[in-house]
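>>> No sequence on hand, only this structure:
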Ligand code: SF4
């Protein structure tokens, strides 16, 4: 695979961002309407906390029993990693992220901030309220960045991001059919690069890659695994799973299908279409009703013909940990085995997890 994706997702992420001649706005949750930022001529990118060496400062500002994703992201902010960034957008995707916002706005030098709320239940009132917040976002970007955001610009941004989703969906279609020669690490790098790169460039790169991909004809016996749970992109876990005889066929995660599912209607009311897409999209445990989330996960299990599920939760992620017993009971009803893996965002002791992962996979293979 073209190593551009891996570089943009990893070691070259910050150099790449600095090289793009556009104002940059960081985001955390896949409920953020990237299209609005693109329409304004900005570069939206995901903050993932990869550069945080230690989280002591963030732990002192919040508490050490916060999830390590939040602590890592805040640590980067407190360490001035984002000095080159023009703004950051936050949502109440969970309480920990809301607290991070409160500390960030007081302590991190970022000129522009925007915060919006998400509701757990879908309703017409919630939908209208969400739309009003998107309108406020548009207005605040116009004022702060002194830019235009017209309907034509919004429509063009929708078309661009729809193309990104369509290309990413093609990768997942190959995995669905068992024809994908990319491994779990490759796909994780592609998704992560999509959340960082200029979408025009990303689309060109991924189109070329899709042209080059040859269907995988090797028919080795593998356990087809679906990942669900908290945000995670730790290559050590992905490797541990795939080296144990499994193939990762789908990530029901914010750096998986939750980022690329669906399309935004390209109609006469572009802001309404963007707003509805993000309001109704499948999102993380805190935002979406638990049964809707589990029904959606089970639909993916069947569509991707998954034999087993790995439920990854970051330590102290109450929303995901609290849901696990119910998720497990729903999977048990369908005789789908599930393994709970609890870990940290980056500093993970893989040796402890490896044995559990290997045992889970190998006992189901033979
Ligand atoms: S992993 Fe859990 S606690 Fe951490 S930000 Fe996500 S939902 Fe919130």
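All right, it came through fine. None of these values were measured; they are calculated from a predicted model.

>>> how about residue 16, what does it touch?
Contacts of residue 16 were listed using CB atoms under 8 Å, 6 or more residues apart in numbering, and they are 7, 8, 196, 197. C-beta here means a position set from N, CA and C on the backbone, and glycine is covered the same way.

>>> Can you name the next helix or strand after the helix or strand hosting the second one?
Spelled out, that is residue 8. Residue 8 belongs to helix 4-9 when assigned by DSSP states H and E. Per DSSP H and E, the first helix or strand lying C-terminal to helix 4-9 is helix 13-19.

>>> which parts of that next one are buried?
13, 16, 17 (16 or more other CB atoms under 10 Å).

>>> how about those residues in JSON lines, adding distance to the ligand and pLDDT?
Formatted as JSON lines, the buried residues of helix 13-19 follow (distance: CB to the nearest ligand atom, whole Å; pLDDT from 0 to 100):
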{"residue": "13", "distance to the ligand": "20", "pLDDT": "95"}
{"residue": "16", "distance to the ligand": "24", "pLDDT": "97"}
{"residue": "17", "distance to the ligand": "22", "pLDDT": "97"}
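
>>> hey, which helix or strand in this structure has the poorest pLDDT?
helix 350-365 (a mean of 88; mean pLDDT, DSSP states H and E).

>>> And that one, how far out from the chain middle?
25 Å (CA atoms, centre = their mean, to the nearest Å).

>>> Show me what that helix is packed against.
Applying 3 or more CB pairs under 8 Å, 6 or more residues apart in numbering; DSSP states H and E, one finds that helix 350-365 makes contact with strand 223-229, helix 235-242, strand 308-314, strand 338-343.

>>> so where's the stretch 51-200 of the chain uncertain?
Of all residues in the stretch 51-200 of the chain, none has pLDDT under 70.

>>> Let me see the ranges of the strands in it.
Counting by DSSP state E, counting those that start in this stretch, the segments of the stretch 51-200 of the chain that form strands are 87-91, 112-116.

>>> Hmm, residue 65 and residue 99 touching each other?
No. Look at residue 99 against residue 65 with CB atoms under 8 Å: they stay out of range, at 11.8 Å.

>>> Specify the angle between the longest helix anywhere in the chain and strand 223-229 in degrees.
For the chain, the helix reaching the highest residue count under DSSP state H is reported as helix 151-176. If you take axes from the mean of the first three to the mean of the last three CA atoms, to 10 degrees, helix 151-176 sits at 140 degrees to strand 223-229.

>>> So which bits of helix 151-176 are buried?
Buried-residue list, helix 151-176, by 16+ other CB under 10 Å: 153-158, 160-165, 167-168, 171-172, 174-176.

>>> what sits against the nearest residue to residue 54 once chain neighbours are set aside?
Among residues not flanking residue 54 along the chain, residue 75 sits closest, at 7.1 Å (CB to CB, 6 or more residues apart in numbering). In this structure, residue 75 makes contact with 49, 52, 53, 54, 55, 56, 57, 58, judged by CB under 8 Å, 6+ apart.

>>> Put the buried members of these into a PyMOL selection.
Here is the PyMOL selection string for the buried members of the contacts of residue 75, based on 16+ other CB under 10 Å:
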select buried, resi 49+52+55+57+58
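
>>> Distance to residue 260 added to the contacts of residue 75, as a markdown table?
Converted to a markdown table, these look like this (distance: CB to CB, whole Å):
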| residue | distance to residue 260 |
| --- | --- |
| 49 | 21 |
| 52 | 26 |
| 53 | 31 |
| 54 | 33 |
| 55 | 29 |
| 56 | 35 |
| 57 | 34 |
| 58 | 29 |
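
>>> Out of the contacts of residue 75, flag the one nearest to residue 114.
Set against residue 114, the nearest of the contacts of residue 75 by CB to CB is residue 49 (19.9 Å).

>>> Ramachandran angles for that closest one?
Backbone geometry at residue 49, expressed as degrees, to the nearest 10, gives phi 70, psi 20.

>>> rewinding a little: which of the residues in the helix holding residue 8 are buried?
4, 5, 6, 8, 9.

>>> you'd agree residue 299 is in a helix?
Yes. Residue 299: assigned to a helix according to DSSP: H, G, I helix; E, B strand; the rest coil.

>>> That one and the ligand: what is the separation?
According to CB to the nearest ligand atom, to the nearest Å, residue 299 stands 21 Å off from the ligand.

>>> Let me know how buried that residue is, in neighbour terms.
Neighbours of residue 299 under the rule other CB atoms under 10 Å: 12.

>>> and stretch 36-54, anywhere near the ligand?
No. Stretch 36-54 lies out of reach of the ligand by CB under 6 Å from any ligand atom, never closer than 10.0 Å.

>>> and that stretch, how far out from the chain's middle?
Counting by CA atoms, centre = their mean, stretch 36-54 comes out at 12 Å from the chain centroid.

>>> And it, end to end?
End-to-end distance of stretch 36-54 (CA to CA, to the nearest Å): 33 Å.

>>> buried residues in that stretch?
Those buried within stretch 36-54 under the rule 16+ other CB under 10 Å are 36-40, 42-52.

>>> Quickly name whichever of the residues you listed is closest to the ligand.
residue 49 (10.0 Å; CB to the nearest ligand atom).

>>> Fine by me, thanks again.
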